[in-house]
Each structure stands twice: as C-alpha cells, then as structure tokens.
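[1] with the input below, show me the fold.
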Amino acid sequence: MTAQEGLEQCRRNMEGRERELLLCVSRLSEEALTKKRAGDVLAARSKVQERRRVQKRLERLRHGLDLVDTQLDAIKTSELDKEIMLTLKASTSAMRKAGITLGVQEVENVMSELDEQMREVQDITEVLTNPGATMLSGTEEADLDAELDLLEAVGDGMTTAPPVEAPHAVQEQAPLPARSMDSSLAVIAAD
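    The predicted structure is shown next:
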C-alpha cells in the first residue's frame, strides 16, 4: 500500500467518524431538550456539556481531514517535482555527453534549489500535522442555559450543530519562492 492509498483510506475512515459524531450531536441535542422539558435542568446542562465535547471532537476531526487533504496534495506535488528532477538529471547527463559543461552547473543549481524547497515543504508539513492541542476551561451555568434555550428555540428539527469556534486557527504559510520551469530552462538554453 502506498502512502497515498493509506491517506485516502484514512480519509474515508475519518469521514465515517464525522457522520457518527454528527448523529451524536443531534441525539444529545434532543436528549438535552427532553431533560429540560421534564424539568431536570441539571441533566439537561450535562447533556449540553457532553454535546459541546462532541462538537469539539468533530471540529478536531474536520481539522484532521483538512490536514489529510493537504498531505494528499503534497504527495501529488512531490511526485510531479520528482518527475521534473528526473528530467533535469537526464538533460544534465545528455548535456555532459554533448560536451556542454557551462550550463550543467546552472542545472545542478536548479536541482539543488528544488531539493532544498522539497525539504522546506516537508518541514512545514510535519509542523502542520502535529499541532499542539489546547484544553479549554469549563463553561458557566448561564452559558449552558443560554445554549439550552437556543436548542429549544430551534426545536427538534435541528439537523446540524451550531458552529463551534476552534481554540486556535492555523495560519496559512506564504508560498515559497520558486524558480519557474520556463526560467530554469531559459537559463540552460542561454548557456
């Protein structure tokens, strides 16, 4: 099994887990409303707290799905980069056989830059796949009551959970400067 196939299988499993968590959020909403209507406010608050924990797990899972998608894109990009490097190596070899040595140094510089950029992409990918988790403190009773009232106002027809804000957002990295293939080939052709 290749890394790409493994990630695709992981994505399918995570999507199945996402569906399960959505059903759990819906069930917990219904249970909280039932408890509140029965006059058991403490049990209703407990269900709302449990619902919030499941929503947070759902958000982390969705973040994980985004990371898996990023990894899949990185694999596809690295395969393309590998093909480009193999082509450049073959052209370098052909140029050496033809006696053209001045442009060979430029080709090797381009290949070194590509190797360095691949290492940087790998470092960034590793950082993104291992974000530090932060724990949030418990919520106040008034906040729980307000959420219960919101659930009650929306009613039993609620099919999706209100959005939960992530404790921290991952900032996007600026793209790495790269020499385009046309400019690299132009340098080789100029020599």
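[2] can you pull out the low-pLDDT segments for this structure?
    For the chain, the stretches with pLDDT under 70 are 99-104, 130-140, 156-191.
[3] run the last query once more with 50
    Scanning the chain for pLDDT under 50 picks out 132-138, 159, 164-191.
[4] mind listing what the closest residue in space to Glu141 that isn't next to it in sequence touches?
    Using C-beta to C-beta, 6 or more residues apart in numbering and skipping residues adjacent in sequence, the residue nearest Glu141 is Arg45, 6.7 Å away. To be clear about C-beta, it is placed using only N, CA and C from the backbone, and glycine gets the same treatment. By C-beta atoms under 8 Å, 6 or more residues apart in numbering, the contact set of Arg45 is 32, 141, 144-145, 148.
[5] top of these by number of neighbours, please.
    Comparing the contacts of Arg45 by number of neighbours (other C-beta atoms under 10 Å), Ala32 comes first, having 24 neighbours.
[6] middle-most residue in the chain, spatially?
    Leu67 (2.1 Å; C-alpha atoms, centre = their mean).
[7] quick one on the thing from earlier: which of the contacts of Arg45 lies closest to Glu106?
    For the contacts of Arg45, the closest approach to Glu106 (C-beta to C-beta) belongs to Leu144, at 65.7 Å.
[8] isn't that closest one up against Val48?
    Yes. In this structure, Leu144 is within contact of Val48 by C-beta atoms under 8 Å, at 5.1 Å.
[9] helix, strand, or coil at the residue nearest to the centre of the chain?
    helix (DSSP: H, G, I helix; E, B strand; the rest coil).
[10] list the contacts for it?
    Applying C-beta under 8 Å, 6+ apart, the residues contacting Leu67 are 128-129.
[11] narrow the contacts of Arg45 to those in helices?
    32, 141, 144-145, 148 (DSSP state H).
[12] check the residues you listed and tell me the two furthest apart.
    By the measure C-beta to C-beta, Ala32 and Glu141 form the most distant pair in the ones in helices among the contacts of Arg45, at 13.9 Å.
[13] and the gap between Asp66 and Asp73?
    Distance of Asp66 to Asp73, computed by C-beta to C-beta, to the nearest Å: 11 Å.
[14] tell me, what's touching those two both at once?
    Counting by C-beta under 8 Å, 6+ apart, nothing touches both Asp66 and Asp73.
[15] now Val68: how far from Arg12?
    Applying C-beta to C-beta to Val68 and Arg12 gives a distance of 10 Å.
[16] those two - which one has more neighbours?
    Neighbours were counted for Val68 and for Arg12 using other C-beta under 10 Å; Val68 has more, 19 against 11.
[17] the more buried one and Glu8, how far apart?
    9 Å.
[18] please apply the same query to Asp81.
    As judged by C-beta to C-beta, Asp81 and Glu8 stand 20 Å apart.
[19] over to Glu20?
    19 Å.
[20] nearest spatial neighbour of Gly64, skipping sequence neighbours?
    Spatial nearest neighbour of Gly64, chain neighbours left out: Met14 (6.1 Å); criterion: C-beta to C-beta, 6+ apart.
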